[in-house]
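A.B. asks: Need a 3D model of the sequence below.
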Amino acid sequence: MKSIPKLNGIDSPFIIAIGLLLLVGLVILQSASGPVSNDKYGYIYYELVNQLVKGVLPGIAIFFLFAYIKFNLFRKFAIFGWIVAIALNIMALFPPFGVTVNGAARWLDIGFFRIQPAEILKLSIILCLAVIFTQLGKKINNWWAVLMVSFIIGLGAIILVEFQTSLSNGIILLAISLSILFQSKINLRFIVILAIIATILVGFALSNEEFRGKRVNTWLSPEQATPDERMQIENNLIAVGSGGLTGVGLGESRQKFFYLPEASTDSIFAVFAEETGFIGSVLLITLFIFIIARILWLHSKISDEFSRYILIGTVTWIALQTLLNIATTIQLAPVTGVTLPFISAGGSSTIVFCALFGIIANISKYRQ
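C.D. replies: Below is the predicted model:
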């Protein structure tokens, strides 16, 4: 990338869109989390303050750090970063560092802060595969190279799906990997084989755990599910439907008062739709689409292969995670537990997305 001249600094529309998304997220998070924060901690701003201190503020610092450090450092430490991410995800499975929440061992407790290492793994797989495909080029078309790539992708997916019982994160990781594979110089027959294997593994994961089957059945036939099983789906739809065209007003959601499970995380879009209505929902979705379109625009303006892999992996991640969250809210997909980027509560998710967007901002300085 040293041969590519810098132009006008970081892409301004991208920065403005990210800042606006972060601001919208804080506003709706405060509204969605207020009742639970007051009930648990006696302070309605607890979740907001927690998000600021453990997510937004360190995230902004990391964003600017990643936006301005030498870009080649990402290339240099990509594989090491993947090794660290795998180690963190394994640590999350065992005490004293691993913490089990709602039966899932997905959290790592480091004392003053609790992180979800799956988010770090998704970022690291993008950088790791980008380095490998950039270095190998057409040499990727042999079974040894394909086996190495399969191991890198498969190890992370197995940890997430089988041991952390996080099928949704596993699917996102596989989708990110496949999108990078499609852009690489790998032969199509290898991609087809890997896609078939991934599909079989996802099918096995769905049938191997009873709770996953129940979620799918509840989604397909809610009338046959128990009241507890369909509670989240029903209250999501009530919240979205109650919003109408213009919403009931910011802070005026009724469903957030202990009707919606996980109102500040999984179901935060339902609260947003209730308070801002169809118009607000469309505007928020449009903002996500603009960010995705801007990254694709950067993709067309960048000639560096390593950067292009990062950009396509990022688009897949943001688009799929956003789609899954919104789709589960309006019953177009079974409940997954996937959060809405920059909107849902979650310090580690916010920090990782800030890091990711910082890398994108760094790449944008080299657009042609």
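A.B. asks: which regions of the stretch 201-350 of the chain sit below the pLDDT cut-off?
C.D. replies: 205-213 (pLDDT under 70).
A.B. asks: Tell me the buried residues in whichever helix in the chain runs longest?
C.D. replies: Longest helix of the chain, by residue count under DSSP state H: helix 268-301. Burial within helix 268-301, assessed by neighbour count using 16 or more other C-beta atoms under 10 Å, is assigned to 268-277, 280-281, 284, 287-288, 290-292, 294-295, 297-299. C-betas here are computed from N, CA, C, even on glycine.
A.B. asks: how about the strands in the stretch 201-350 of the chain?
C.D. replies: Counting by DSSP state E, counting those that start in this stretch, one finds no strands in the stretch 201-350 of the chain.
A.B. asks: ok so, going back, just how off-centre is the longest helix of the chain within its chain?
C.D. replies: Computed by C-alpha atoms, centre = their mean, to the nearest Å, the chain-centroid distance of helix 268-301 equals 15 Å.
A.B. asks: swap in stretch 318-336?
C.D. replies: 11 Å.
A.B. asks: swap in stretch 225-244?
C.D. replies: 23 Å.
A.B. asks: contacts for that stretch?
C.D. replies: Residues outside stretch 225-244 that contact it (C-beta atoms under 8 Å, 6 or more residues apart in numbering): 214, 217-219, 222, 248, 253-256, 259-262, 266-267, 270-271, 273-278, 280-281, 328-331, 335.
A.B. asks: Quick one: residues contacting residue 62.
C.D. replies: So residue 62 contacts 351, 354-355, 358 (C-beta under 8 Å, 6+ apart).
A.B. asks: list the buried ones in the one helix or strand it maps to?
C.D. replies: Applying DSSP states H and E as the criterion places residue 62 in helix 57-68. By 16+ other C-beta under 10 Å, the buried positions in helix 57-68 come out as 58-60, 62-63, 66-67.
A.B. asks: Next secondary structure element downstream of that helix?
C.D. replies: Past helix 57-68, the next helix or strand by DSSP H and E is helix 72-91.
A.B. asks: Now do that next one and helix 57-68, the angle between them.
C.D. replies: 140 degrees (axes from the mean of the first three to the mean of the last three C-alpha atoms, to 10 degrees).
A.B. asks: So which elements touch helix 72-91?
C.D. replies: helix 117-136, helix 143-158 (3 or more C-beta pairs under 8 Å, 6 or more residues apart in numbering; DSSP states H and E).
A.B. asks: contacts for the shortest one?
C.D. replies: Read it as helix 143-158. So helix 143-158 is contacted by 82, 85-86, 89, 121, 125, 128-129, 132, 136, 139-140, 170, 173-174, 177, 181, 186, 190, 194, 197-198, 201 (C-beta under 8 Å, 6+ apart).
A.B. asks: ok so, going back, elements contacting the longest helix of the chain?
C.D. replies: Looks like helix 268-301 contacts helix 12-41, helix 227-243, helix 305-329, helix 347-364 (3+ C-beta pairs under 8 Å, 6+ apart).
A.B. asks: What residues sit buried inside the second one?
C.D. replies: Neighbour-count burial for helix 227-243 flags 229-230, 232-233, 235-240, 242-243 (criterion: 16+ other C-beta under 10 Å).
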